[in-house]
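Trainee: Here is my input, please return the structure:
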Amino acid sequence: MSEKTTETPVEESDTPVEELDGEQPIEAEAPEGLDAETLERRSQALAQVVKFGDPVLRSAASRVTDFGPDLEAEAERMIGLMRDAIGVGLAATQLGTLRRMLVFQVGPDAEPTVMVNPEIEWRSNDLVTAEEGCLSLPGIVVDVERPLHVRARAVDARGEPLSIEASGLEARVIQHEVDHLDGILMVERTVRDQKKAALKALREGGTFAPERPEEETAENGAGRSED
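Mentor: As a prediction, this is how the structure comes out:
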């Protein structure tokens with residue numbers, strides 16, 4: 001996911017959050033002002049990311065049972081690729097590996113986090129709609145409604161227990177990446193019209209982003225999240 005988001009709160013509903021969940025960083029255009037070396041690293045990183053159309057993106061990943069130096073090295077590789085791609089999250093399935101492991105780093109000063117066998121234990125009833133994109137769906141941006149707060153548990157790359165209470169962008173990134181591990185893409189989480197237009201653009205090699213009134217864009221300061 002990209003580091004910017006434009007979020008619109010949604011009124012609480014009596015419908016359980018689990019029922020509201022359907023199918024998020026954005027493989028958007030490269031940020032402006034990047035030097036040639038950074039652009040080259042980004043290009044090389046994106047070349048290793050599995051793209052839309054590969055069956056692995058629609059497959060559920062298997063739980064990790066073997067821990068050790070190899071898993072820790074793979075986690076470090078994922079962190080490096082995520083950073084080089086200028087994303088804020090990456091799931092193992094996006095690299096063609098059906099292993100339940102994800103990494104994320106929300107903000108340049110934050111420490112990268114590795115989550116192995118992640119499970120979302122709780123989702124808030126407060127919902128927020130925001131633009132999302134995905135490194136695996138180049139050029140596609142859609143609106144996705146997700147719980148504003150989540151609590152998740154996992155283990156780290158060494159097998160040590162990990163519990164995270166997240167809000168805002170961090171919560172969104174975790175949900176987006178866990179979706180990847182379950183074989184769910186962000187286009188399955190958006191409204192019907194956007195899903196249809198996004199899939200058409202993907203099949204034709206084009207791009208898609210929902211239209212925004214100029215006034216709304218100026219007011220909110222357009223932003224997105226990219227994994």
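Trainee: After the helix or strand of the chain with the lowest mean pLDDT, which helix or strand is next?
Mentor: Lowest by mean pLDDT, DSSP states H and E among the helices and strands of the chain is helix 17-20, with a mean of 32. Following helix 17-20 in sequence order, the next helix or strand is helix 36-47 (DSSP states H and E).
Trainee: Roughly how far does Val103 sit from Arg42?
Mentor: 17 Å (CB to CB, to the nearest Å). All C-beta spots, glycine's among them, are computed from the backbone N, C-alpha and C.
Trainee: Name the residues that touch the longest helix belonging to the chain?
Mentor: Counting by DSSP state H, the longest helix found in the chain is helix 69-84. Here helix 69-84 makes contact (CB atoms under 8 Å, 6 or more residues apart in numbering) with 41-42, 44-45, 48-49, 64, 88-90, 92, 95, 97, 99, 101-105, 112, 114, 116, 157-158, 227.
Trainee: can you do 7 Å?
Mentor: Contact with helix 69-84 is made by 41-42, 44-45, 48, 64, 89-90, 92, 95, 101, 103, 105, 112, 114, 157-158, as judged by CB atoms under 7 Å, 6 or more residues apart in numbering.
Trainee: which of those residues are buried?
Mentor: 41-42, 45, 64, 89-90, 92, 95, 101, 103, 105, 112, 114, 157 (16 or more other CB atoms under 10 Å).
Trainee: Out of the residues you listed, which sit inside helices?
Mentor: Short answer: these in helices (DSSP H) are 41-42, 45.
Trainee: Can you lay out those residues as a markdown table showing distance to Leu34?
Mentor: Formatted as a markdown table, those follow (distance: CB to CB, whole Å):
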| residue | distance to Leu34 |
| --- | --- |
| Arg41 | 9 |
| Arg42 | 7 |
| Ala45 | 13 |
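Trainee: for the chain, which spans come out with low pLDDT?
Mentor: In the predicted model of the chain, residues 1-31, 214-226 satisfy pLDDT under 70.
Trainee: what about the strands in it?
Mentor: 7-10, 89-91, 101-104, 113-123, 127-134, 137-147, 149-155, 161-167, 225-226 (DSSP state E).
Trainee: Quick one: residues contacting Val191.
Mentor: By CB under 7 Å, 6+ apart, the neighbours of Val191 are Asp143.
Trainee: What does it show for phi and psi?
Mentor: phi -70, psi 160 (degrees, to the nearest 10).
Trainee: again, but for Gly205
Mentor: Torsion angles, degrees, to the nearest 10, at Gly205: phi 70, psi 20.
Trainee: what's the neighbour count on it?
Mentor: Look at Gly205: counted by other CB atoms under 10 Å, it has 8 neighbours.
Trainee: So it versus Glu132, what's the distance?
Mentor: Taken as CB to CB, the span from Gly205 to Glu132 is 20 Å.
Trainee: gap between the closest residue to Lys51 other than its chain neighbours and Asn125?
Mentor: Spatial nearest neighbour of Lys51, chain neighbours left out: Ser136 (5.6 Å); criterion: CB to CB, 6 or more residues apart in numbering. Distance of Ser136 to Asn125, computed by CB to CB: 30 Å.
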